[in-house]
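**Q** pasting the sequence and the predicted coordinates here, then a few questions.
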Amino acid sequence: MVVGCTSAVRHLGEESMESSEIVVGLDIGTTKVAAVVGEVDRDGITIMGVGNVPCKGLRKGVVANIEWTMKSITEAVQMAQSMAAVEIRTVYAGVGGSHIRSQNSDGVVAVAGGEVTAADVDRVLEGARAVAMDADRQILHVLPREFLVDNQDGIRDPVGMSGVRLGTKVNLTTAATTCVQNVVRCTERCGLTVADVVLAPLASAEAVLSEDEKEIGVAVIDIGGGTTDMLLYVDGGVAYTSVIPAGGNNVTSDISMGLRTPMAEAERLKRNAGCALGRMVSDEEEIEVPGVGGHTARKVARRVLSDIIEPRIEEIFAFARHRMEQVGLLEQIAAGAVLTGGAALMEGMPEFAEEILGMPVRIGFPIGISGLTQMVQGPQFATGVGLVRHGAAMLREAQDREYSRVAPRVEQEEAVIVKREGNRIWQWLREAF
């Protein structure tokens, strides 16, 4: 009986690892809505389905037309449902845009009992949230940079350490309440429940970065349609977030005006023939540019297209470098920068970014997944995959909390059984001898 109770406790922990759950990430962006369906089990995340449709309901990451946004969400979710053969009811939604802000905060609490517990960590993080904030803003994330136990700093996980005072340094990410509510409202009107709202570049970072890069120092630059989001990791934690008010749509607009062609054709030219670095294009290459208002198409040197694109891309990366310098973190980004978002696929983007930022640059592709990986193997799906990984982490935390709550009770019952069986054996020995 004693062995049976021990197995029951062990089985409780194993069951949470073996059971699988469906997690859906919903990336609501300025130019597209992507739904990514993942099955989460003890072996990791298996991609089961993807839905990707254009979106015209947002401007610079903020909902501007609820009906158009709902239509795109519905189409993306239905596409993902059909591919994955599951019913989607709950999603983890990404949010971004120019309303996102970042600030640092500190917290400190007394440690009861001389040993740091998970409850102490929760209390100190709650204390770090207590900052003055405008009534129309809300905290999205409290991201610990480090913990301090008494006079020792640089601690990642203080649970179990001895001390009398626990402190923390965190990065607070805030957002405009109405912008977050509009994202949630659009999703709920599509018959879905929003389990959590996650900062889009944070989700992208979780999908494409390794732990070594976070530790050494890395910048994630997510080039979206309306804005470019930047996230800086230093010493394993998020040190700074920022939003640059320019993105892929600005490049498309520049092409449309510069070549006098419709916006749809400008977007096509950007995707199919665009190059961020003009000197990578030979003078002999030509492209066909459709006219406006019935004018006939004409031949233009591809170098002209690149000369239009280059200044805008230079502006975005120069802005990113300036922000890094402003907060004094440029020298700490030793691992370089990782580019995500659909615009990162443009020819010459990594090379041009390296020149302006003065650091190694690579394109970020989702890692740590299996299944239909070919469907999400691109920087434009980094946010969607990252939202699935965030949801998986939330599930694991919930299961761990449940195990922590139930396991002591099971162990206590086991102890009672051990004592009762021991008394019975002792009574039998006394009667026998």
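**A** Nice, I can see it.
**Q** please enumerate the helices of this structure.
**A** With helices called from DSSP state H, the chain shows them at 2-18, 66-84, 118-129, 177-189, 200-208, 211-216, 248-259, 263-273, 302-326, 349-357, 382-432.
**Q** distance to residue 240 added to those, as TSV?
**A** Heads up, the C-betas are built off the backbone N, CA and C, glycines and all. Listed next are the helices of the chain as TSV, based on distance: least, C-beta to C-beta, whole Å:
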stretch	distance to residue 240
helix 2-18	35
helix 66-84	29
helix 118-129	16
helix 177-189	20
helix 200-208	11
helix 211-216	13
helix 248-259	23
helix 263-273	29
helix 302-326	8
helix 349-357	15
helix 382-432	18
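**Q** need the winner for burial among those helices.
**A** Highest mean neighbour count among those (mean count of other C-beta atoms under 10 Å): helix 200-208, with a mean of 28.
**Q** how far does it sit from the chain's center?
**A** Remark: helix 200-208 is offset 3 Å from the chain centroid, using C-alpha atoms, centre = their mean, to the nearest Å.
**Q** redo the helices of the chain as JSON lines? Include distance to residue 332 and mean pLDDT.
**A** JSON lines is the format used below for these (distance: least, C-beta to C-beta, whole Å; pLDDT from 0 to 100):
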{"stretch": "helix 2-18", "distance to residue 332": "36", "mean pLDDT": "39"}
{"stretch": "helix 66-84", "distance to residue 332": "38", "mean pLDDT": "95"}
{"stretch": "helix 118-129", "distance to residue 332": "22", "mean pLDDT": "92"}
{"stretch": "helix 177-189", "distance to residue 332": "30", "mean pLDDT": "94"}
{"stretch": "helix 200-208", "distance to residue 332": "16", "mean pLDDT": "94"}
{"stretch": "helix 211-216", "distance to residue 332": "9", "mean pLDDT": "94"}
{"stretch": "helix 248-259", "distance to residue 332": "28", "mean pLDDT": "94"}
{"stretch": "helix 263-273", "distance to residue 332": "33", "mean pLDDT": "93"}
{"stretch": "helix 302-326", "distance to residue 332": "9", "mean pLDDT": "95"}
{"stretch": "helix 349-357", "distance to residue 332": "13", "mean pLDDT": "96"}
{"stretch": "helix 382-432", "distance to residue 332": "23", "mean pLDDT": "69"}
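**Q** okay, domains of this structure per the record?
**A** Here the domain parsing of the chain from automatic domain parsing is 1-97+177-210+367-433, 101-175, 213-363.
**Q** quick one: residue 391 and residue 22 touch, right?
**A** No. Between residue 391 and residue 22 there is no contact under C-beta atoms under 8 Å: 9.4 Å.
**Q** what residues are shared contacts of those two?
**A** Among the neighbours of residue 391, those also in contact with residue 22 (C-beta atoms under 8 Å, 6 or more residues apart in numbering) are 38, 40.
**Q** before we move on, the earlier item: nearest to residue 144 among the helices of the chain would be which one?
**A** Checking the helices of the chain against residue 144 by C-beta to C-beta gives helix 118-129 as the closest, at 6.8 Å.
**Q** contacts for that closest one?
**A** So helix 118-129 is contacted by 105-109, 111-112, 139, 142, 144, 147, 158-159, 166-168, 170, 172, 404 (C-beta under 8 Å, 6+ apart).
**Q** contact partners for the most centrally placed residue in the chain?
**A** Geometric centre of the chain, nearest residue: residue 203, 0.4 Å, by C-alpha atoms, centre = their mean. Neighbouring residues of residue 203 by C-beta under 8 Å, 6+ apart: 25, 27, 94, 382-384, 386-387, 389-390.
**Q** out of the residues you listed, which one sits closest to residue 368?
**A** Taking C-beta to C-beta as the measure, residue 368 lies nearest residue 389 of the contacts of residue 203, at 7.3 Å.
**Q** you'd agree the closest one is up against residue 382?
**A** No. In this structure, residue 389 is not within contact of residue 382 by C-beta under 8 Å, at 10.3 Å.
**Q** what touches both of those two?
**A** 203, 207.
**Q** and residue 359, its phi and psi?
**A** Main-chain dihedrals, residue 359, degrees, to the nearest 10: phi -150, psi 160.
**Q** next one: residue 346
**A** phi -60, psi 140.
**Q** I'd say it and residue 277 touch.
**A** No. Counting by C-beta under 8 Å, residue 346 stays clear of residue 277, with 9.6 Å between them.
**Q** can you pull the contacts of the spatially closest residue to residue 345 that is not a sequence neighbour?
**A** Of all residues not flanking residue 345 in the chain, residue 379 sits nearest, at 6.4 Å (C-beta to C-beta, 6 or more residues apart in numbering). By C-beta under 8 Å, 6+ apart, residue 379 lies in contact with 208, 339-342, 344-345, 363-365.
**Q** residue 156 now?
**A** The contact partners of residue 156, by C-beta under 8 Å, 6+ apart, come to 146-147, 236.
**Q** are any of those residues buried, and if so which?
**A** Among the contacts of residue 156, the ones that count as buried by 16 or more other C-beta atoms under 10 Å are 146-147, 236.
**Q** return the member of the residues you listed nearest to residue 190.
**A** residue 236 (36.9 Å).
**Q** roughly how far apart are that closest one and residue 213?
**A** Distance, residue 236 to residue 213, using C-beta to C-beta, to the nearest Å: 10 Å.
**Q** likewise residue 92?
**A** 23 Å.
**Q** list the buried residues in stretch 44-62.
**A** Under 16+ other C-beta under 10 Å, the buried positions of stretch 44-62 are 45-53, 55, 57-62.
**Q** so residue 101 sits against residue 175, correct?
**A** Yes. Using C-beta under 8 Å, residue 101 makes contact with residue 175 at a distance of 7.5 Å.
**Q** need the residues touching each of the two.
**A** With C-beta under 8 Å, 6+ apart, residue 101 and residue 175 have common neighbours residue 137.
**Q** list the contacts for residue 76?
**A** For residue 76, the contact set (C-beta under 8 Å, 6+ apart) comprises 26, 33-35, 51-53.
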